[in-house]
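**Student:** No letters, just coordinates:
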């Protein structure tokens, strides 16, 4: 079964027939956490780096990196029934806007925050599919932890 997550959402599964997918990662970052030994996969679609950023309305649990990462890692560990499983963590997205008026560099800030949080917690990660100027759609598979990435050009307006 394919589980689709949106901005600020997360999902975890130990059903080897499941996949988790998220669409249109621009500056947002998808993080996958996989326990190979127990075949448990989790994914979060993160929009912003830190929950201290003022927003005008309530946001889903995985909207901010500093909230999403501990939540996702904890849920994968709980489902794997191991207190300290060997985890494979991958990052996707964090693109730079093509809009020359965009001075916030949200994609770069998201990647930096996520890397910092993971390094502070002692978790190695693969971030080879981040940055650039493309939108990404990511599908991850519980059976083997593999991920498929489809890239699309970002709009050049602005």
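**Tutor:** Alright, I've got the coordinates. Bear in mind that the values here come from a model prediction, so they are computed numbers and not experimental data.

**Student:** which helices and strands sit right next to the worst-scoring helix or strand of the chain on mean pLDDT?
**Tutor:** Ranked by mean pLDDT, DSSP states H and E, the weakest helix or strand in the chain is strand 126-130, scoring a mean of 91. In terms of contacts (3 or more C-beta pairs under 8 Å, 6 or more residues apart in numbering; DSSP states H and E), strand 126-130 is packed against strand 87-93, helix 106-120. The C-beta positions use only the backbone N, C-alpha and C, and glycine is treated the same way.

**Student:** Each with direction, which strands does that strand pair with?
**Tutor:** Sheet partners assigned to strand 126-130 using DSSP bridges are listed as strand 87-93 (parallel).

**Student:** Which residue is the nearest non-sequential neighbour of residue 87?
**Tutor:** residue 33 (5.5 Å; C-beta to C-beta, 6 or more residues apart in numbering).

**Student:** I'd say that neighbour and residue 42 touch.
**Tutor:** Yes. Taking contacts as C-beta atoms under 8 Å, residue 33 lies within contact range of residue 42: 4.5 Å.

**Student:** hang on, the earlier thing: tell me which of the helices and strands packed on strand 126-130 is the most buried.
**Tutor:** Most buried of the helices and strands packed on strand 126-130, by mean neighbour count (mean count of other C-beta atoms under 10 Å): strand 87-93, with a mean of 22.

**Student:** quick one on the thing from earlier: which residues belonging to the least confident helix or strand of the chain are considered buried?
**Tutor:** Buried positions in strand 126-130, judged by neighbour count with 16 or more other C-beta atoms under 10 Å: 127, 129-130.

**Student:** any chance of these in JSON lines, plus distance to residue 5?
**Tutor:** Listed next are the buried residues of strand 126-130 as JSON lines, based on distance: C-beta to C-beta, whole Å:
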{"residue": "127", "distance to residue 5": "19"}
{"residue": "129", "distance to residue 5": "17"}
{"residue": "130", "distance to residue 5": "18"}
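
**Student:** And the helices in the chain, which stretches?
**Tutor:** Under the criterion DSSP state H, the chain carries helices at the ranges 65-80, 106-120.

**Student:** Quick one: mean pLDDT over the shortest one.
**Tutor:** If I follow you right, that is helix 106-120. The average of the pLDDT scores along helix 106-120 is 95.
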